[in-house]
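Peer 1: dropping a prediction and its sequence here:
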Amino acid sequence: MRRIAAWTVVITIVVGVVLGGCVAFAPGWIVRHDLGAHGLATLSAADRLKATNDVRATVLQGLAALVALGGVGLGAAVTLRQIRVSREGQFIDLFTKALEQLSSEEVVVRQGGVYAMEQIAGAAPHYRGHIAALLAGFVRQQAPWPPSRPLEEIEAERRSYTGGLRDDIGGAMAALSRRTMILPGTGIELEKVDLRGADLAGQNLSRFCFVGSNLEGATLAGCDLSHTTLADTVLKDADLSGATLTGADLTGADLTGAIGVDQTRS
């Protein structure tokens, strides 16, 4: 801010000096240039002064018009900046509320927070990378492997939801797979997550990292798993039929009973 203020003062001084010079010296030069040496000599001092003052008045009017236009332009720039600041403030408020939703005790509220984050990513591109990392962290926290709760409790919960995933976790996976917040050339870190029995069919999981995760019995049919890291991942009885595995890392993956994948890849 201090640098901007200093430059503003310097520019104001320079413009003031230039305008003062124009008003003081330009009219006389214009009169001499227009009339030439002979025409100027035929004018009386009073007529010469009048011609100079007329030109000066015209110059002042032109300068006044330029100043007015500059003021309009400056006002527009200030207004635009205010709009941008206000818009950024709105995004920050929305982001904060979505964060609060993600930390709620209610599944449906957390699910709403996931969708709110996706909407923010679509409207504010500079938030995309942060939102992608945040949603990935949300999945890791909500579905860790090994589980932080008794297996019986998790299995009962999984059976109560369509697609084998709780709605908030499923919503986060779907949002990430739509890739509206994933920056080009970047991946998603989902190490050590519990996605057993998850229905992820047709999702774009390219460049996702599932190192050490458990996807036993998961439906990955038709998924884009190109350049996806599945090292040390449990894929027992998983359905990989029609999945794209170009460049995928399956080092140490458990593919026992997996469908649609060449067992020699591991």
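Peer 2: Received it, and whenever you're ready, just let me know what you need.
Peer 1: quick one: the strands in the stretch 151-266 of the chain?
Peer 2: Assigned strands in the stretch 151-266 of the chain, in chain order: 188-189, 208-209 (criterion: DSSP state E, counting those that start in this stretch).
Peer 1: can you list the strands that the first one pairs with?
Peer 2: In this case it means strand 188-189. Sheet pairing here is set by DSSP bridges, and for strand 188-189 it gives strand 208-209 (parallel).
Peer 1: any chance you could list what contacts the partner strand?
Peer 2: Defining contact as C-beta atoms under 8 Å, 6 or more residues apart in numbering, one finds that strand 208-209 is touched by 176, 187, 188, 189, 190, 191, 225, 228, 229. Quick note: C-beta positions are derived from backbone N, CA and C, even for glycine.
Peer 1: may I see the strands of the stretch 151-266 of the chain arranged in JSON lines, with mean neighbour count as well?
Peer 2: Rendered in JSON lines, the data for the strands of the stretch 151-266 of the chain read as follows (neighbours: other C-beta atoms under 10 Å):
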{"stretch": "strand 188-189", "mean neighbour count": "20"}
{"stretch": "strand 208-209", "mean neighbour count": "22"}
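Peer 1: need the ones you listed in TSV (columns: mean pLDDT and distance to residue 218).
Peer 2: Listed next are these as TSV, based on pLDDT from 0 to 100; distance: least, C-beta to C-beta, whole Å:
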stretch	mean pLDDT	distance to residue 218
strand 188-189	96	16
strand 208-209	98	13
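Peer 1: just tell me which of the ones you listed ends up closest to residue 158.
Peer 2: Residue 158 sits nearest to strand 208-209 of all the strands of the stretch 151-266 of the chain, at 20.7 Å, using C-beta to C-beta.
Peer 1: give the contact list for the closest residue in space to residue 246 that isn't next to it in sequence.
Peer 2: Take residue 246 and drop its neighbours on the chain: the residue closest to it by C-beta to C-beta, 6 or more residues apart in numbering is residue 226, 4.4 Å away. The contact partners of residue 226, taken as C-beta under 8 Å, 6+ apart, are 206, 207, 244, 245, 246, 247, 248.
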